[in-house]
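Q: Need the 3D shape of this:
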Amino acid sequence: MAACKSIVFKNISRTKFQAIRARINAQAEITCTGDIGTATGNGYTAQWTYVEPDQTLTIQCTDRPWFISESLVADKIQQLVEGVKV
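A: Numbers count the residues shown, from 1 in each chain. A predicted model of the protein is given here:
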């Protein structure tokens with residue numbers, strides 16, 4: 001199983017980050033808590049770092065099933081984050 005490249009999102013306010021966490025928790029079947037963390041679920045492991053002063057959120061899938069492409073994982077992460085409107 002392989003790690004995916006980190007994805008950095010900019011201009012993420014605290015309010016938007018909280019909404020993103022809620023959406024990930026509801027749709028990705030992993031529990032995202034705190035500004036920095038790692039979570040595992042359904043064969044995936046993801047880590048994230050939110051830096052409030054910089055308003056950046058970095059997400060990386062560090063483990064995934066071998067039959068799931070990196071591009072599919074990246075697309076799903078993009079959809080989850082960019083689908084949040086605050």
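
Q: use CA for all of it now, contacts and neighbours both
A: Noted.

Q: and the residue positioned nearest the centre of the chain, what helix or strand is that in?
A: By Cα atoms, centre = their mean, the mean C-alpha position of the chain lies nearest to Ile59, the distance being 4.4 Å. Assigned by DSSP states H and E, Ile59 belongs to strand 56-63.

Q: next one: Ala46
A: Under the criterion of DSSP H and E, Ala46 resides in strand 44-51.

Q: any idea of the mean pLDDT in that strand?
A: Averaged over strand 44-51, pLDDT sits at 95.

Q: Quick check: which ranges of this structure have low pLDDT?
A: The chain contains residues with pLDDT under 70 at 1.

Q: need the strands for it, in chain order.
A: Here the chain has its strands, by DSSP state E, at 7-10, 36-41, 44-51, 56-63.

Q: circling back to that earlier point, which neighbours does the strand holding Ala46 have in its sheet, and in what orientation?
A: strand 36-41 (antiparallel), strand 56-63 (antiparallel) (DSSP bridges).

Q: okay if I get those as a markdown table plus distance to Ala74?
A: Listed next are the strands paired with strand 44-51 as a markdown table, based on distance: least, Cα to Cα, whole Å:
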| stretch | distance to Ala74 |
| --- | --- |
| strand 36-41 | 16 |
| strand 56-63 | 8 |
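
Q: quick one: which of those strands is nearest Lys5?
A: strand 56-63 (6.2 Å; Cα to Cα).

Q: what comes up buried for that closest one?
A: Thr56, Leu57, Ile59, Gln60, Cys61, Thr62, Asp63 (16 or more other Cα atoms under 10 Å).
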